[in-house]
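Asks: Structure for this input, please:
(one chain, ligands or ions: 2)
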Amino acid sequence: MALKERIAANRCPRAKIKEFDINGYIGGGGYGAVVEAEWMKKKRLCVIKIQNKSHLVESKVTESVIREKKIQYACRSAFICRVRCSCQDWKNIYLVMDYALFGDLRKNFQEKKDFFTERAIKFCVAQVVLALEYLHASDILHRDLKLENILVFEDGYIKLSDFGSAKQVPGTTATFVGTVHYLPPEVIHQIPYRTGFDIWTLGVLIYVLFHRDFPFTEVSWSNARNFDAIQSGTLTFPGKRPMSEDAIDLTKQLLEREVSKRIGVARGGIKAIKRHPWFADINFIHIFRKEVPSDFGFKHVEAREMDPSILIPEVKMRDPFRDEFIEF
Ligand SMILES: Nc1ncnc2c1ncn2[C@@H]1O[C@H](COP(=O)(O)OP(=O)(O)O)[C@@H](O)[C@H]1O
Ligand SMILES: [Mg+2]
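Replies: Ligands and ions are numbered 1, 2, ... in the order given. Below is the predicted model:
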């Protein structure tokens, strides 16, 4: 079945949260928490993203979490984190997925005293390109590509996750979503967009991996000031961080404000990115087959101890939001 059909079929298995033993806390998501758990009957460690229903309903994002589950479950790519099943009770929805033992790229980044080598950056970015190629071929936009949504697995390979902003967009859309520092100028202008969204964020991602700073914006600035900077700031490559000429050239072509001229959107689509000289020493087929050794010193995440009863209810109550989450 093709990806689009798998999304429409909505066949993600449903399980009961009782089937899992919660081991500890990994991270706080926007609407709840991410925990490490053991799926007892499968004797397998996994990760559960817990999101609070009333919080989701109040924020009017029930549709996005249903899309998140449908799309991420349907994806079958070595570079996209697998969702295994979903659960829900009167309080929360639960998305059960594979466990990235090395956490996300941002945590790896923060723990590293020195910068990633250009070789490591290229290795990660090549995999993100393969994930985007897979999604864009079926008109799926991720719309929230960033370090914290890229997970590192035990084999040292990465997978894209967090499909909370993803959407199937056969034509164009102008919905304002994403993360401020990664937003492309056309989204700020509310001009209808397509795959160019993810392509711009790929440019931001490469820049951040090299510089540990955003290309135009600053965390301390207001949104208004950041939006101005994205629309008219000058792109500079401070010399403190060596970046090859080819890497600079690709980043400039990705951070092209005119969408029709942006590499990856213009003629050739994502293939044009793969053919860029920066990737001349990358064999995408070998990466696709995971034949390239990954030895970049990623670190194990330690789940923190937690009392699951804070998040997961023991008392059964009538679910006030049953109708809103029928499709989850
Ligand atoms: N499958 C996973 N394996 C390991 N860590 C994960 C996994 N999924 C999420 N995380 C951690 O939890 C964080 C939040 O998860 P995410 O799906 O991005 O939620 P949110 O929508 O709240 O951003 C991630 O940035 C990552 O650190
Ligand atoms: Mg996230």
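Asks: pretty sure residue 152 contacts residue 104?
Replies: Yes. Residue 152 is within contact range of residue 104, at 7.0 Å (criterion: CB atoms under 8 Å). All C-beta atoms are positioned from the backbone trio N, CA, C, and that covers glycine.
Asks: What helices and strands are in contact with the lengthiest helix in the chain?
Replies: The single longest helix within the chain, with elements called by DSSP state H, is helix 118-136. With contacts taken as 3 or more CB pairs under 8 Å, 6 or more residues apart in numbering; DSSP states H and E, helix 118-136 sits against strand 158-160, helix 196-211, helix 245-254, helix 269-274, helix 284-288.
Asks: repeat that for 10 Å
Replies: helix 105-111, strand 140-141, strand 150-152, strand 158-160, helix 196-211, helix 245-254, helix 269-274, helix 284-288 (3 or more CB pairs under 10 Å, 6 or more residues apart in numbering; DSSP states H and E).
Asks: Is there proximity between the first one and ligand 2?
Replies: No. Figure legend: helix 105-111 not in contact with ligand 2 (CB under 5 Å from the ion); closest approach 9.5 Å.
Asks: And for the residue of the chain found nearest ligand 2, nearest residue in space, chain neighbours not counted?
Replies: With CB to the ion as the measure, residue 162 is the residue of the chain nearest to ligand 2, at 3.7 Å. Using CB to CB, 6 or more residues apart in numbering and skipping residues adjacent in sequence, the residue nearest residue 162 is residue 149, 4.0 Å away.
Asks: tell me the contacts of that neighbour?
Replies: For residue 149, the contact set (CB atoms under 10 Å, 6 or more residues apart in numbering) comprises 81, 104-106, 142, 159-165, 179, 201, 205.
Asks: Give the buried residues for the lowest-mean-pLDDT helix or strand in the chain.
Replies: When the helices and strands of the chain are compared on mean pLDDT, DSSP states H and E, helix 105-111 comes out lowest with a mean of 86. Using 16 or more other CB atoms under 10 Å as the test for burial, helix 105-111 gives 105, 107, 108.
Asks: pretty sure the last one is in contact with residue 147, am I right?
Replies: Yes. Between residue 108 and residue 147 a contact is recorded at 8.5 Å, counting by CB atoms under 10 Å.
Asks: which residues do the two both contact?
Replies: When CB under 10 Å, 6+ apart defines a contact, the residues bordering residue 108 and residue 147 alike are residue 124.
Asks: what sits up against the strand or helix carrying residue 187?
Replies: Taking DSSP states H and E as the definition, one finds residue 187 inside helix 185-188. With contacts defined as CB under 10 Å, 6+ apart, helix 185-188 is touched by 143, 172-178, 180, 191-194, 196-197, 200-201, 216, 223, 226-228, 230-232, 255-259, 262.
Asks: out of the residues you listed, which are inside helices?
Replies: Using DSSP H, the contacts of helix 185-188 in helices are 196, 197, 200, 201, 223, 226, 227, 228, 230, 231, 232.
Asks: Does at least one residue of stretch 14-33 sit close to ligand 2?
Replies: No. Using CB under 5 Å from the ion, stretch 14-33 stays clear of ligand 2, with a minimum separation of 6.6 Å.
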